[in-house]
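K.L.:
Fold the stuff below for me.
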Amino acid sequence: MTAGGPGAGPHTPGPAAGRPARRDEGVRWRLSASAACALVAAVLAAAQVLVAHRLGVNDWTVRGGSYAEYVDWDHPLTRSTWYPAASTLIASMITHRLFRRAPWSWRWLPPAAWLGSCLTAGPLLYGLASAAPEAGIGSGPSAAVRAVAVGGVIGLVAAMVALRRREAGAGLVTYILWVSLLEFARPWWWDRAPAFDPMLTEEVWAGGSGDRVVRASFLEAGGITAGLIGPVVVSGVVAVWAAARYGRRRSGVIAGVAGPLLLCSVYLTIDPGWGDQDSVQAALCWYAFLAVPIGLCSATIAATLAGAVARRVGADARRTR
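P.N.:
Here you go, the predicted structure:
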């Protein structure tokens, strides 16, 4: 009797003969997917860093303090954390789709994306920080590398959650696109007064303290509009979509609150600047923290209403049959 079992011919391979070949093919497939994921993450991270530098968004020469007595690197370090986090998550989602949602890919795609984003964003941001004419207070170029590594870990955890829960992935991707739109469109809106913002009125522009008051008021208004009102609206919209798509209020809540949690995690790793009364970083940090509970409430209400409407529509459809 041959290894193939009863009835097997002398040259018929047994059931176990194909297992090593399938195992080798699976290993090669995983390596290919991991390499592609790392490459996509590396390209995304490098593109964000270089475009932000070209547009002047990620400025390493901003001065802080009441009398501009020191260089403040809070904003560049925050972006140094955000870029790899966003790249790691988006690259994992893209590769997961390209490779047909392979089982267990949530375990090995995010680490590959983290490695790819760190290998490009780390050296680039270190070089930009080293080329700055003056080091930030309490910071050096190595702080940018640490921020990249930490941001990659945040993106890694978020990507694992996104690949396990599709509604969370939809919320995270939507929120990253929102933040990226604000980030790279900043040269066109940050220094211009948006007419829809109620904090900017004629009385503000005609203030007796001059340009300083006008500038501070605009920074606060832009921060509220972009950092608080926008995320809440995004949370509500994504919650409605997820609740309607998956038919569960919990799915809508998860989708709505995932994005604010991601940005809040980034700000938790950076000095909030609360000790400096003139720091814009402190206001933006507060907006990121407040966006989580407000976004949770917004997502819960929106998901509940979407579920009620979906049930009503379904009941009406059954009655008309």
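K.L.:
Give me the buried positions along stretch 114-131.
P.N.:
The neighbour-count check on stretch 114-131 (16 or more other CB atoms under 10 Å) flags 114-122, 124-126, 128-129 as buried. Using the backbone N, CA and C atoms, a C-beta is placed for each residue, glycine as well.
K.L.:
so residue 184 sits right up against residue 52, yeah?
P.N.:
Yes: assessed by CB atoms under 8 Å, residue 184 is found in contact with residue 52 at 7.0 Å.
K.L.:
The two: which is more packed in?
P.N.:
residue 52 (21 against 15; other CB atoms under 10 Å).
K.L.:
Tell me the buried residues in the helix or strand encompassing that one?
P.N.:
If you go by DSSP states H and E, residue 52 is part of helix 19-55. Across helix 19-55, burial judged by 16+ other CB under 10 Å covers 30, 33-34, 36-42, 44-46, 48-49, 52-53.
K.L.:
quick revisit: what's the closest of the buried residues of stretch 114-131 to residue 304?
P.N.:
residue 114 (35.9 Å; CB to CB).
K.L.:
Report the contact partners of the closest one.
P.N.:
41, 84, 88, 152-153, 155-156 (CB atoms under 8 Å, 6 or more residues apart in numbering).
K.L.:
Doesn't residue 133 lie inside a helix?
P.N.:
No: read with DSSP: H, G, I helix; E, B strand; the rest coil, residue 133 is coil and lies in no helix.
K.L.:
For the protein, which segments count as strands?
P.N.:
Here the chain has its strands, by DSSP state E, at 63-64, 70-71.
K.L.:
show me where the protein has helices.
P.N.:
19-55, 74-98, 105-130, 141-164, 166-184, 186-189, 202-205, 211-224, 230-246, 249-268, 280-319 (DSSP state H).
K.L.:
Okay, now the unreliable bits of the stretch 101-250 of the chain?
P.N.:
Counting by pLDDT under 70, the stretch 101-250 of the chain has low-confidence residues at 101-103, 135-138, 187-227.
K.L.:
coming back round to it: for the buried residues of stretch 114-131, could you give me JSON lines that also reports distance to residue 174?
P.N.:
Formatted as JSON lines, the buried residues of stretch 114-131 follow (distance: CB to CB, whole Å):
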{"residue": "114", "distance to residue 174": "21"}
{"residue": "115", "distance to residue 174": "26"}
{"residue": "116", "distance to residue 174": "23"}
{"residue": "117", "distance to residue 174": "20"}
{"residue": "118", "distance to residue 174": "25"}
{"residue": "119", "distance to residue 174": "27"}
{"residue": "120", "distance to residue 174": "25"}
{"residue": "121", "distance to residue 174": "22"}
{"residue": "122", "distance to residue 174": "27"}
{"residue": "124", "distance to residue 174": "27"}
{"residue": "125", "distance to residue 174": "26"}
{"residue": "126", "distance to residue 174": "31"}
{"residue": "128", "distance to residue 174": "29"}
{"residue": "129", "distance to residue 174": "31"}
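K.L.:
Can you tell me which of those lies closest to residue 268?
P.N.:
The closest of the buried residues of stretch 114-131, once distances to residue 268 are taken by CB to CB, is residue 114, at 18.2 Å.
K.L.:
any idea how far residue 39 is from the closest one?
P.N.:
To residue 39, residue 114 is 13 Å away according to CB to CB, to the nearest Å.
K.L.:
Thanks a lot, see you next time.
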